[in-house]
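J.: quick one, what's the 3D model for this:
(chains A and B)
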Amino acid sequence: MHHLNPFYVKGKTVVPELVLAVRMLAVYLLLTGEFPFNGNQGGGRFYPLIELLDQLGTDEQFNLGVRLLFLSGIGMLLFSHYVRLGALGVGLAFVTGLLSCQICISVAHLFTGCVFLCTALSNHVTGTNLIRFQLAVLYLGADLNKVFDPDWWTGASMETLLVTKHQIASYMKAASIFPPGLLSQMMGIGVIVLQISIAILLLRRVTVIYAMLLALVLHLPMVLLMQMTFGPFLFALVTAYGSLLTWPQQLACDNRLHSNVLVKWLTLLDFNEQMSPCTGNTKESPMRWLRTGLRYIAHPAMLLSMTVLAAATVRYGQLIPLTLVVVVAYWLYAWPQRKRMRKVLSPAGL
Amino acid sequence: MISSSFKKWLPGVLFLSAQVINTLYELTQDTRTISWAPHTTQVFYRIDAFENGVTWDQQAIEARYGLAQTQWEAHAPGNIMRLVATVEAKAPGHPDSVRISYRRNGAPEQTYLWKASR
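T.: As a prediction, this is how the structure comes out:
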């Protein structure tokens, strides 16, 4: 019965970090109405790239089948012990959607599907490492596509993206300070260097926090400049990177710092024996609530709230607050973990 | 013990290796399908279809190919050519010819022409 509870993340065939990541991503997809066929355009099967996918039923039957696979997968990973099976269903729905619709090709949706598929292929031996290597493959692939394209070295690609296509006024103003095309050329080469650096840093677990920092430098300016999250890509990235951080098995309360009331509420929603009670009566204050929120950010209820908040900011186009939250979360939660990662992995830590 | 650990890793390693091999393969093609090429190429295109010397209207073109007649494609010019070729191979009532005019990353315009073989 434990497993019917979406807040219960222990005792599965994959580590709690992955359970939380795919559950958050699944909730985000539902809240934002993202669907395997939601590529650039299109709403269903359209001249599939694989002949077999063209032969399976009528368009209506096929589209309904993919939608059922997607929704039943989400239901299974949220409300059952079978997280991997559910993730397999969602991942396959995404890949089937892409391969059965030529106008739906989208790296954002492919990556989202791959996060689910990597979870489906994970276990307690691989931990979260497949997600880490999936991220490395993403950056390596993206970099290879740029390295062999002269337009990324000359700046023509960035110039077309930011000036001709999106006509970003702030970028054009900054570019006017430099000789024509120079800023686009520097940006293009900078992206190539950043992406390969991230891929290399992801290969070792001890350097993951630094890979995250470079990823923030790479992705967040693009989100702000282009005013888009690239469909589910940004949130899929956040959950994938987030899964690489250690999920705390215990959350201790410090009654000098934390809010008694909030801790009591979170204890009511604690189904993983993660919380220890706060002793003594303390005065409540907004500062205590803030400190409690930050301290208990890894509580499943807090993570779900953050997911709802992220979906709401995307829904209402509030990308600046969303970006700030991501930066603050990284700074306060991920950055301090760099020392812990070194300690956990170092033989000297024995 | 080693064998058990190997088995646990194998499906994931094969899955990730397939992605790398596919990305390398697609680098040799002029299309990008499941390659990791996010917004790598900016292609501005226009599709025109002709029948008995008359140009099809915008609505007919967009309904047939599922794309805007004039738009940006963020993957590769080959993706539009592949789509037109697939539609004309499978859909009934095709035009006499289809012309795709496109500029890749602001380069001079290029043209792809599909012609009915009748």
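J.: ok, longest helix in chain B?
T.: Identified as the longest helix of chain B according to DSSP state H is helix B:2-27.
J.: show me what counts as buried in that one.
T.: B:W9, B:P11, B:G12, B:F15, B:L16, B:Q19, B:T23, B:E26, B:L27 (16 or more other C-beta atoms under 10 Å in any protein chain shown). The way it works is simple: take the backbone N, C-alpha and C, and place the C-beta from them, glycine included.
J.: what's the nearest residue to the first one if we skip its chain neighbours?
T.: In space, B:W9 comes closest to A:T126 once its chain neighbours are excluded; the distance is 6.0 Å by C-beta to C-beta, 6 or more residues apart in numbering or on different chains.
J.: contact partners for the one you found?
T.: Counting by C-beta atoms under 8 Å, 6 or more residues apart in numbering or on different chains, A:T126 touches B:K8, B:W9, B:G12.
J.: surely the second one and A:G127 touch.
T.: Right, B:W9. No. If you go by C-beta atoms under 8 Å, B:W9 and A:G127 don't touch, sitting 10.8 Å apart.
J.: quick check: A:M172 is in a strand.
T.: No. Under DSSP: H, G, I helix; E, B strand; the rest coil, A:M172 sits outside any strand and is assigned helix.
J.: and whichever residue of chain B sits closest to chain A, what does it touch?
T.: Per C-beta to the nearest C-beta, the residue of chain B with the smallest distance to chain A is B:W36, at 2.7 Å. Going by C-beta under 8 Å, 6+ apart, B:W36 touches A:V107, A:V137, A:L138, A:L140, A:G141, A:A142, A:L144, A:N145, B:Q19, B:T23.
J.: restricted to helices, list those.
T.: Per DSSP H, the contacts of B:W36 map to helices at A:V107, A:V137, A:L138, A:L140, A:G141, A:A142, A:L144, A:N145, B:Q19, B:T23.
J.: so among these, which ones count as buried?
T.: Here, 16+ other C-beta under 10 Å leaves A:V107, A:V137, A:L138, A:L140, A:G141, A:A142, A:L144, A:N145, B:Q19, B:T23 buried among the ones in helices among the contacts of B:W36.
J.: can you give me the pLDDT of B:R118?
T.: Looking at B:R118, its pLDDT stands at 56.
J.: can you show me the helices along chain B?
T.: B:2-27, B:58-65, B:77-90.
J.: nearest to A:T279, out of those helices?
T.: Ranking those by proximity to A:T279 (C-beta to C-beta) places helix B:2-27 first, at 42.9 Å.
J.: low-confidence ranges in the chain?
T.: All of this is about chain A. Scanning chain A for pLDDT under 70 picks out A:38-42, A:281, A:342-350.
J.: that's the wrong chain, I wanted chain B
T.: B:1-2, B:118.
J.: OK, contacts around the residue nearest the centre of it?
T.: For chain B, the residue nearest the mean C-alpha position is B:N79 (1.0 Å; C-alpha atoms, centre = their mean). Shown in contact with B:N79 (C-beta under 8 Å, 6+ apart): A:Q102, A:I105, B:T31, B:R32, B:T33, B:E73.
J.: my read: the last one touches B:Y45, true?
T.: In this case it means B:E73. Yes. Using C-beta under 8 Å, B:E73 is in contact with B:Y45, at 5.9 Å.
J.: find residues that contact each of the two.
T.: Shared contacts of B:E73 and B:Y45, counting by C-beta under 8 Å, 6+ apart, come down to B:I80, B:Y102.
J.: tell me how many other residues surround residue 58.
T.: Since no chain was named, I'll use chain A. Using other C-beta atoms under 10 Å in any protein chain shown, the number of residues around A:T58 comes to 9.
J.: you looked at the wrong chain, it should be chain B
T.: Around B:Q58 there are 13 residues (other C-beta under 10 Å).
J.: spatially nearest residue to it, not counting backbone neighbours?
T.: B:Q69 (4.8 Å).
J.: give me phi/psi at the one you found?
T.: Here is the backbone geometry of B:Q69 (degrees, to the nearest 10): phi -60, psi -40.
J.: sec struct for A:V14, please.
T.: Applying three-state DSSP: A:V14 is coil.
J.: for stretch B:77-95, buried residues please.
T.: For stretch B:77-95, by 16+ other C-beta under 10 Å, it's B:77-84, B:86-88, B:94-95.
J.: tell me the one of those residues nearest A:A21?
T.: Nearest to A:A21 among those, with distances taken as C-beta to C-beta, is B:N79, at 30.9 Å.
J.: show me which residues of chain B are close to chain A?
T.: Counting by C-beta under 8 Å from any C-beta of the partner chain, the residues of chain B close to chain A are B:5, B:8-9, B:11-12, B:15-16, B:19-20, B:23-24, B:27, B:32-42, B:44, B:66-68, B:72, B:74-75, B:79, B:82-83, B:86-87, B:90, B:104-107.
J.: great, nothing more from me.
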